[in-house]
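K.L.:
pasting the structure only:
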């Protein structure tokens, strides 16, 4: 269905016209073509002659006394056939002058064949009053429709100019129509929806398969078999999705207007936000945030993810991608634009690795993803390809990529996402550029200390162990080199780029200030743990 203009869709039906008082007084009776009573009446035409069809243009309800109609059954059948062929919406015959009790069977049979409503009036009726009443009904309906349409345009103009997000646009459209709405990509992935108070799990179940069955023909169309009103979203030449309104029957014109204005608002929103964040990333970020919050209905979250092409019925793993930057450089690098670019690169890498994934910027420093994994050993190789692709896309920006433990149920999604974020932060302190990605096993002691970094007891331990060294970065660097080399003084001197004499002097000064021997294994372990904890509290 290509939507017609408001003056067409506001027209009354044949049934509504027959319910007008002026016609009810004539005691109308439908004798044939009842299936066409929902046809729209564009005008009422009074005609007594048989060859009236050539003067009609469609949508007319023909009123006649039958006084000039032919006698022959085949001519009566031809008369009805011609009315149907030009799009007349019905024939009303007054049983007063020509026929008294009933119209001829040929007239009834022809009306049945063409599904043309044939109505008889048992009482004399002033046709001019019928014409006036229908004209007034059409005028009032059009005026009401125009007012409603004007209000809709004002509502969506305000939403567009205020930069309303997709969820707000769909919420307002649902409020007006009372019908569920779904915004999807051309690939039939759900970007946003409003269930109009219905069960969202049932709404989105098997969405991709159901949506593929509804073929788009034109900018706006209606599929009567499934009850879907669909309209294309995007500017011509740059269409990127469609808006679906689920209706049980053909929607009224104002619903078509709502769908088209909502689609326009969504298209403008994407144009405005294109340089900030794609709609897909916004949708993924919202779902990831809901998963991390852990306070939503897990069944609904799972079906939302399924609508985005990420099944929750197999192994899942969280991924965290963070820029590896120094404190001084962070304000210039860890901007939202950098993270958005990194999110798009991660999403592209996931597609290339054939990993269905939700990808979004979840905070000021991290891009997170939840990926659906294949079975082992394909899972590790796919993750390796993804990590390598992200690093290539990041180019000069060094990044840390962390992967959470695989989980096998939707309820574990929050756990693997949280673990990936924790491993990613701990891995920032790991000087290992050889790994494609880090897991919990890779950060080991650093991972434990990272989890405890906000514990006051750990802070107190680090301050107590390091004592007077805390303000002497030169000696702290010397101690770091010594700990990393496992107490091998020669290797530590080389790592610190100092002569042995100079380096040994620094070690002696450390022992003097701390009052302990660095040769004692327990002392070395204790100082190493204190250094790791200190560096996490004050990243270098």
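P.N.:
Perfect, thanks for sending it. This structure is a prediction, so every number in the text was calculated from the model and none was measured.

K.L.:
these two touch, right, residue 108 and residue 30?
P.N.:
No - at 10.8 Å, residue 108 and residue 30 do not qualify as touching, with contact defined as C-beta atoms under 8 Å. Just so you know, the C-beta spots here come from the backbone N, C-alpha and C atoms, and that holds for glycine as well.

K.L.:
overlap in contacts of the two?
P.N.:
residue 118 (C-beta atoms under 8 Å, 6 or more residues apart in numbering).

K.L.:
continuing past the helix or strand harbouring residue 129, what's the next helix or strand?
P.N.:
Take DSSP states H and E as the rule and residue 129 turns out to sit in helix 127-161. Once the chain leaves helix 127-161, the next helix or strand it forms, by DSSP H and E, is helix 166-177.

K.L.:
same for the host helix or strand of residue 343, what does it pack against?
P.N.:
With the criterion set as DSSP H and E, the secondary-structure element containing residue 343 is helix 336-352. Of the remaining helices and strands, those touching helix 336-352 by 3 or more C-beta pairs under 8 Å, 6 or more residues apart in numbering; DSSP states H and E are helix 279-293, strand 316-323, strand 357-361, strand 367-372, helix 378-394.

K.L.:
how big is the angle separating the helix holding residue 129 from helix 166-177?
P.N.:
Here helix 127-161 runs at an angle of 160 degrees relative to helix 166-177 (axes from the mean of the first three to the mean of the last three C-alpha atoms, to 10 degrees).

K.L.:
Would you mind pulling up the elements that helix 127-161 packs against?
P.N.:
helix 6-9, helix 14-18, helix 21-24, strand 43-46, strand 60-64, helix 166-177, helix 253-273.

K.L.:
among the ones you listed, which is nearest residue 186?
P.N.:
helix 253-273 (13.5 Å; C-beta to C-beta).

K.L.:
between that closest one and helix 279-293, how big is the angle?
P.N.:
Put simply, helix 253-273 runs at 90 degrees to helix 279-293, going by the same axes, to 10 degrees.

K.L.:
can you confirm residue 517 is in a helix?
P.N.:
No - assessed by DSSP: H, G, I helix; E, B strand; the rest coil, residue 517 does not belong to a helix; its assignment is coil.

K.L.:
Now do the same contact list for it.
P.N.:
The contact partners of residue 517, by C-beta under 8 Å, 6+ apart, come to 511, 523.

K.L.:
In CSV, list the helices and strands packed on helix 127-161 along with mean pLDDT, mean neighbour count and distance to residue 487.
P.N.:
Compiled in CSV, the helices and strands packed on helix 127-161 are given as follows (pLDDT from 0 to 100; neighbours: other C-beta atoms under 10 Å; distance: least, C-beta to C-beta, whole Å):
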stretch, mean pLDDT, mean neighbour count, distance to residue 487
helix 6-9, 40, 16, 86
helix 14-18, 92, 21, 95
helix 21-24, 91, 15, 105
strand 43-46, 90, 18, 101
strand 60-64, 93, 23, 102
helix 166-177, 90, 20, 58
helix 253-273, 85, 22, 56
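
K.L.:
In a markdown table, list these along with distance to residue 441.
P.N.:
As requested, those are arranged in a markdown table below (distance: least, C-beta to C-beta, whole Å):
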| stretch | distance to residue 441 |
| --- | --- |
| helix 6-9 | 65 |
| helix 14-18 | 73 |
| helix 21-24 | 83 |
| strand 43-46 | 80 |
| strand 60-64 | 80 |
| helix 166-177 | 40 |
| helix 253-273 | 40 |
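
K.L.:
so how far is residue 243 from the closest residue to residue 178 other than its chain neighbours?
P.N.:
Residue nearest to residue 178 in three dimensions, not counting chain neighbours: residue 196, with 5.9 Å by C-beta to C-beta, 6 or more residues apart in numbering. Taking C-beta to C-beta, to the nearest Å as the criterion, residue 196 is separated from residue 243 by 14 Å.

K.L.:
These two: which is more packed in?
P.N.:
When neighbours are counted by other C-beta atoms under 10 Å, residue 196 and residue 243 differ, and residue 243 comes out ahead with 29 against 19.

K.L.:
so the more buried one touches residue 267, yeah?
P.N.:
No - applying C-beta under 8 Å, one finds residue 243 not in contact with residue 267, separated by 9.8 Å.

K.L.:
Name the residues contacting each of those two.
P.N.:
Overlap between the neighbourhoods of residue 243 and residue 267 consists of residue 233, taking contacts as C-beta under 8 Å, 6+ apart.

K.L.:
which intervals of this structure have sub-threshold pLDDT?
P.N.:
Along the chain, segments meeting pLDDT under 70 span 1-10, 236-237, 273-278, 325-335, 395-396, 429-434, 442-454, 537-540.

K.L.:
Give me the residue at the spatial middle of it.
P.N.:
residue 191 (1.4 Å; C-alpha atoms, centre = their mean).

K.L.:
So what's the gap between the helix or strand harbouring that one and the chain middle?
P.N.:
Here residue 191 is covered by strand 190-194, with elements defined by DSSP H and E. How far strand 190-194 lies from its chain's middle: 3 Å, per C-alpha atoms, centre = their mean, to the nearest Å.

K.L.:
Equivalent analysis for stretch 359-372, please.
P.N.:
Counting by C-alpha atoms, centre = their mean, stretch 359-372 is centred 17 Å from the centre of its parent chain.

K.L.:
With stretch 484-493 instead?
P.N.:
Between the centre of stretch 484-493 and the centre of its host chain there is 56 Å, according to C-alpha atoms, centre = their mean.

K.L.:
in it, what counts as buried?
P.N.:
The neighbour-count criterion (16 or more other C-beta atoms under 10 Å) identifies 484-485, 487, 489, 492-493 as the buried residues of stretch 484-493.

K.L.:
so of those residues, which ones are in helices?
P.N.:
Using DSSP state H, the members of the buried residues of stretch 484-493 that fall within helices are 484, 489, 492-493.

K.L.:
which SS class is residue 221?
P.N.:
Using three-state DSSP, the secondary structure recorded for residue 221 is strand.
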